[in-house]
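Participant: build the 3D model from these lines:
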Amino acid sequence: MNAHEESAGRVAVITGADSGIGRATAVRLAEQGMDIGITWHEDEKGARKTAEEVRAHGRRAAIERMDLTRLPHAADAVDRLVAELGRIDVLVNNAGTGTATPFLDLDFDTVRQVLDVDLLGPFLCGQRAARHMVRQGGGGRIVNVTSVHEHQPRVGAAPYCAAKGGLGLLTQVMALELAADGITVNAVAPGEIATPMTGQEDTDVRTEPRPGIPAGRPGDAREVAAVIAFLAGPDASYVTGASWAVDGGMLRMGPQAGSHLPDDSWRRP
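Facilitator: Here you go, the predicted model:
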């Protein structure tokens, strides 16, 4: 039995699937035979485009708006998608936001917004999804999309780094507690990926030089989706509590990059 056959009839819910990594993941999982629940915040047109691509692969698609700054009720979207699609086997916590504000200039509302969207939102969505999985029986998969900044800091991104670091450790606790119910929980930590969040949607990553990244370029959203799909699929049944960096080697460059910076530009967001 191949991965498509083993995934047929399974349902994945992907938050923030109106573009970028979320859309690429929705399409990849649909190719593997899953029906897809899609959440969006501002770009309904983008979410509908994702749904069209899912249906082009012969799978069902359902759409719900989710505003993770309105907690805890935003997580109700997970329950509505489960009701429409009949079950949930995979949750991908992909929706996120960030800031480029120096620590001393941060205001409380900005910090709270980033933490709500990037940490508390995934916590609540993961809890809702896991409860459904436990009731269904048969286990499930949760993938939390963090960032290389789960592991390493960035100037101007204090709340983002705090949230992603917290989500990384939350992933490990979830993995420990949910293993008895057959639910695996992993993190995927992208580096610089060509998406709307980085202002590079539809960019040909092969034409964008990045001397400071060992791979020499940004990543493509489909490269992240491939790792998420592995973790959501049958071949990753013994993988849980891990963080998978998809960064072209960026994290390995810490001291190496630091000793070769030519000026103080890194001090500014």
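
Participant: roughly how far does residue 145 sit from residue 108?
Facilitator: With distances taken as Cβ to Cβ, to the nearest Å, residue 145 is found 26 Å from residue 108. Where you see a C-beta, it was placed from the backbone N, CA and C, and this is true even at glycine.

Participant: over to residue 15?
Facilitator: 25 Å.

Participant: so the two - more neighbours on which side?
Facilitator: Ranked by neighbour count (other Cβ atoms under 10 Å), residue 15 and residue 108 place residue 15 first, with 30 against 7.

Participant: didn't the more buried one look like it was pressed against residue 94?
Facilitator: Yes. Using Cβ atoms under 8 Å, residue 15 makes contact with residue 94 at a distance of 5.2 Å.

Participant: any residues in contact with both of those two?
Facilitator: Common neighbours of residue 15 and residue 94 are listed as residue 22 (criterion: Cβ atoms under 8 Å, 6 or more residues apart in numbering).

Participant: return the distance of the lengthiest strand in the chain from the chain's centre.
Facilitator: For the chain, the strand with the greatest residue count under DSSP state E is strand 183-190. In this view, strand 183-190 has its centroid 9 Å away from the chain centroid, taken as Cα atoms, centre = their mean, to the nearest Å.

Participant: can you list the strands that that strand pairs with?
Facilitator: When pairs are called by DSSP bridges, strand 183-190 turns out to pair with strand 140-145 (parallel), strand 243-246 (parallel).

Participant: my read is that residue 218 contacts residue 204, right?
Facilitator: No. Residue 218 is beyond contact range of residue 204, at 10.1 Å (criterion: Cβ under 8 Å).

Participant: so where's the chain shaky on pLDDT?
Facilitator: Applying pLDDT under 70 to the chain picks out residues 1-8, 196-203.

Participant: all helices of it, in order?
Facilitator: For the chain, applying DSSP state H gives helices covering 3-7, 20-31, 44-56, 76-85, 108-115, 121-136, 158-178, 221-232, 254-258.

Participant: what's next to the longest one, contact-wise?
Facilitator: If I follow you right, that is helix 158-178. With Cβ under 8 Å, 6+ apart as the criterion, helix 158-178 contacts 93, 97-99, 101, 103, 106, 110-111, 114-115, 117-119, 122-123, 126, 130, 142, 144, 146-147, 149-151, 153-154, 184-187, 189, 240-241, 243.

Participant: related to what we said a few turns ago, looking at residue 218 and residue 204, which one has more neighbours?
Facilitator: residue 218 (24 against 10).

Participant: what about residue 265, neighbour count?
Facilitator: 7.

Participant: from residue 126, how far off is it?
Facilitator: Going from residue 265 to residue 126 by Cβ to Cβ gives 38 Å.

Participant: got the buried residues for stretch 149-169?
Facilitator: 149-152, 154, 156-168 (16 or more other Cβ atoms under 10 Å).

Participant: hang on, the earlier thing: could I get the strands paired with strand 183-190 as TSV with mean neighbour count and distance to residue 231?
Facilitator: As requested, the strands paired with strand 183-190 are exported to TSV (neighbours: other Cβ atoms under 10 Å; distance: least, Cβ to Cβ, whole Å):
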stretch	mean neighbour count	distance to residue 231
strand 140-145	27	5
strand 243-246	20	7
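
Participant: relative to residue 146, how far out is the closest residue to residue 252 other than its chain neighbours?
Facilitator: The spatially closest residue to residue 252, leaving aside those adjacent along the chain, is residue 214, at 6.7 Å (Cβ to Cβ, 6 or more residues apart in numbering). As judged by Cβ to Cβ, residue 214 and residue 146 stand 20 Å apart.

Participant: for residue 105, same thing?
Facilitator: 25 Å.

Participant: settle it for me: which of those two has more neighbours?
Facilitator: More crowded of residue 105 and residue 146, by other Cβ under 10 Å: residue 146, with 28 against 10.

Participant: isn't residue 55 up against residue 62?
Facilitator: No. Counting by Cβ under 8 Å, residue 62 is not a contact partner of residue 55; they are 10.7 Å apart.
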